[in-house]
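Q: Sequence and predicted structure, then a few things I'm wondering about:
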Amino acid sequence: MKHSLRFFLYGVAVWLLAGLSGCGSAKYNSDYNLSRAREKEEAKSGVVADADTTKPSLEKSLASEGAEGQKEQRRKRKPSKRYFMGEKVTRGFVKVKQGNNEVLETFSYLPEFKEPDPYAPEKYFFDPKKKKVYRTRSEVDPDKYKILHGPYKKKINGEVVEEGYFYNGTKHLRWERYNKNGILIAKEHYEKGFPRDAVVKYYDGGDKKIKEVIPYAYGEVQGMYYRFYENGQVEWSGRYEKGRKVGVWIKHYDFRNRRHYEYQYPKTAYDAPAEPYLLKQYDRHGTLIYEKDKLDKRSAQR
């Protein structure tokens, strides 16, 4: 009996010990494994959801759009007004009263002087002391004036009447003029002082000395014509209209852009054809010695 009881108690003790040990181990291992499994599943499901199933949050979307917007702004950033065609410029303006009208000119100029093309028929510059924009056919004093370079706009009583661009003191790209009602009345295209579609001819040799500039528009000679001496001075200048010479044509001496003769052609291409006649004549010092029907001192020059 004692032996049986001892055997029974021993069996119960072993059973309890094994049960407790097994349950504790199973419980610990089960929770641990379940926790790790859940972490793995959540990680997997999170990746799949972000990549394939879930929509981006509003915050992420806005942030993404903001970044793209900044990139787009950088791509579409407006060119700096401090530079024009690679040259640093300074902005300026001139405002004057002309009767009842207020005239405003806004423009850019080169802070450091740069010599305009000597062949350019007209050079434009700004006088800082007199606060005025000028144009000239002769040389520009580097110690007094600033060369226009960049956008130009002229307004009368707030209405734009002329706008265009300058390149190193010469008209460049598109130039437009408007009437007081803002209607376009004229449009011209220039290439550094000359009509864009002009035919440029050169003297023989490799130094690229311009001989003449023949303007073309719509397949016919149209615009200002220039012929140069070999030293670069203007010899002849005048306007073509529909292939015909019109207005005043000027013959120059070969120095200082001084005028020699002025010939009058029909005023427009629609006037009846007529031979040109001498309008004015100057001596080499720039003195007027002949003016049709008014003055004739040519005999004194012989």
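A: Sure, I can see it. Residues are numbered from 1 along each chain as shown.

Q: What sits closest to the residue sitting nearest the centre point of the chain if chain neighbours are left out?
A: With distances taken as CA atoms, centre = their mean, residue 84 lies nearest the centre of the chain, 6.3 Å away. Excluding the flanking residues, the one nearest residue 84 by CB to CB, 6 or more residues apart in numbering is residue 150, at 3.8 Å. All C-beta spots, glycine's among them, are computed from the backbone N, C-alpha and C.

Q: isn't that neighbour right up against residue 164?
A: No - using CB atoms under 8 Å, residue 150 is not in contact with residue 164, being 10.4 Å away.

Q: who has more neighbours, those two?
A: residue 150 (22 against 19; other CB atoms under 10 Å).

Q: Next one: that one relative to residue 212, how far apart?
A: Distance of residue 150 to residue 212, computed by CB to CB, to the nearest Å: 29 Å.

Q: same deal with residue 143?
A: From residue 143 to residue 212 the distance is 33 Å (CB to CB).

Q: same deal with residue 195?
A: Distance from residue 195 to residue 212, by CB to CB: 13 Å.

Q: okay, the two: which has more neighbours?
A: residue 195 (20 against 16).

Q: now that one, which residues is it bridged with?
A: Each beta-bridge partner of residue 195 is listed here: residue 190, as defined by DSSP bridges.

Q: got a list of what it touches?
A: Counting by CB atoms under 8 Å, 6 or more residues apart in numbering, residue 195 makes contact with 188-189, 213, 215-217, 223-224.

Q: Same check on residue 151?
A: Counting by CB under 8 Å, 6+ apart, residue 151 has contacts 84, 106-108, 163-165.

Q: Likewise for residue 143?
A: Applying CB under 8 Å, 6+ apart, no residues qualify as near residue 143.

Q: Dump the contacts of residue 151 to JSON lines, plus distance to residue 100 and secondary structure.
A: Output for the contacts of residue 151, formatted as JSON lines (distance: CB to CB, whole Å; DSSP: H, G, I helix; E, B strand; the rest coil):
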{"residue": "84", "distance to residue 100": "34", "secondary structure": "strand"}
{"residue": "106", "distance to residue 100": "21", "secondary structure": "strand"}
{"residue": "107", "distance to residue 100": "24", "secondary structure": "strand"}
{"residue": "108", "distance to residue 100": "29", "secondary structure": "strand"}
{"residue": "163", "distance to residue 100": "23", "secondary structure": "strand"}
{"residue": "164", "distance to residue 100": "26", "secondary structure": "strand"}
{"residue": "165", "distance to residue 100": "30", "secondary structure": "strand"}
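
Q: Just the buried subset of those, please.
A: Among these, the ones that count as buried by 16 or more other CB atoms under 10 Å are 84, 107-108, 163-165.

Q: Pick out the most distant pair among those residues.
A: 84 and 163 (14.4 Å; CB to CB).

Q: any idea which helix or strand of the protein has the worst average confidence?
A: Every helix and strand in the chain was compared by mean pLDDT, DSSP states H and E; the lowest is helix 2-48, with a mean of 50.
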